[in-house]
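Novice: mind folding the following:
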Amino acid sequence: MKERLPGLVAVLLLGLLVLGTWWASDYALRSIEIDPPRRITHERDSWASAFVMLRTDPEGRAINRLEGSAMEHFPDTDSYEITAPRATGHQPNSPITVGTAKMGTLDQHGERIVLIGDAHLQRLPDANHQLLDVRSEQLTIEPNQDLVYTDRPALVVNGNSTMRGQGMRYDNRTRQLTVNAASDVKISGEDQAARDTGPHKTRQP
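Specialist: Residues are numbered from 1 along each chain as shown. Coordinates of the predicted model:
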């Protein structure tokens with residue numbers, strides 16, 4: 001019995017130590033106020049000035065460029081708000097497009113750019129295409145689809161022709177232009193002949 005006594009005492013002390021540790025931990029958890037989960041609000045968590053963002057194709061060629069004087073990221077919407085954005089698209093086998101505005105939003109993991117305030121997009125002229133000029137209060141660009149559209153009033157100047165409508169859509173891959181609810185259309189004779197004989201036509205529903 002005397003030989004077992006030290007072992008029993010050690011077991012007893014170990015049990016008391018475990019109980020004391022559990023009590024101290026439980027007391028600390030109950031006495032310390034735990035902060036509630038952080039509320040996600042529309043507050044920026046990162047920002048930059050005079051930035052340039054590039055997207056390249058598998059061959060390493062720059063196909064989309066987005067720049068601006070300032071950019072802020074907001075975690076609640078996972079979007080970027082941009083001051084004085086300038087979006088340039090240079091997809092292979094397509095004309096170059098340049099979009100600008102007072103403000104802009106980049107969201108949907110970079111799949112969408114919304115130009116807001118004096119939104120302006122140009123398809124630059126080349127050997128095969130005339131200048132296409134689109135103005136509206138808001139324009140949405142899907143850079144990977146090479147697509148621009150709006151449901152707001154828009155003024156479209158295509159070469160020597162002018163179209164006004166409530167909404168427009170332009171696919172730069174197919175060069176197909178749609179002006180919705182066109183209220184003021186002025187088509188020049190040269191542009192009419194080009195559309196009748198060329199590979200791409202402009203639709204005006």
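Novice: could you give the bridge partners of Thr162?
Specialist: When bridges are assigned using DSSP bridges, the partners listed for Thr162 are Val157, Lys186.
Novice: hmm, I typed the wrong one, I wanted Ile116.
Specialist: Listed beta-bridge partners, Ile116: Met103, Gln138 (assigned using DSSP bridges).
Novice: surely it meets Thr100?
Specialist: No. Ile116 sits out of contact with Thr100 when judged by Cβ atoms under 8 Å, with a separation of 11.2 Å. Bear in mind the C-beta positions are built from the backbone N, C-alpha and C, glycine included.
Novice: who's in contact with the closest residue to Pro153 other than its chain neighbours?
Specialist: With Cβ to Cβ, 6 or more residues apart in numbering as the measure, Gln166 is the residue that lies nearest to Pro153, at 5.8 Å, once sequence neighbours are left out. For Gln166, the contacting residues are Asp151, Arg152, Pro153, Ala154, Asn180, Ala181, Ser183, taking Cβ atoms under 8 Å, 6 or more residues apart in numbering as the criterion.
Novice: count residues in the vicinity of the fifth one, would you?
Specialist: Around Asn180 there are 15 other residues, counting by other Cβ atoms under 10 Å.
Novice: from Thr105, how far off is it?
Specialist: Taking Cβ to Cβ, to the nearest Å as the measure, Asn180 and Thr105 are separated by 23 Å.
Novice: which of the contacts of Gln166 are buried?
Specialist: In terms of neighbour count (16 or more other Cβ atoms under 10 Å), the buried residues within these are Pro153, Ala154.
Novice: sec struct for Trp22, please.
Specialist: In terms of secondary structure, Trp22 is helix; the call rests on DSSP: H, G, I helix; E, B strand; the rest coil.
Novice: and it, how many residues sit next to it?
Specialist: By the measure other Cβ under 10 Å, the count of residues near Trp22 is 10.
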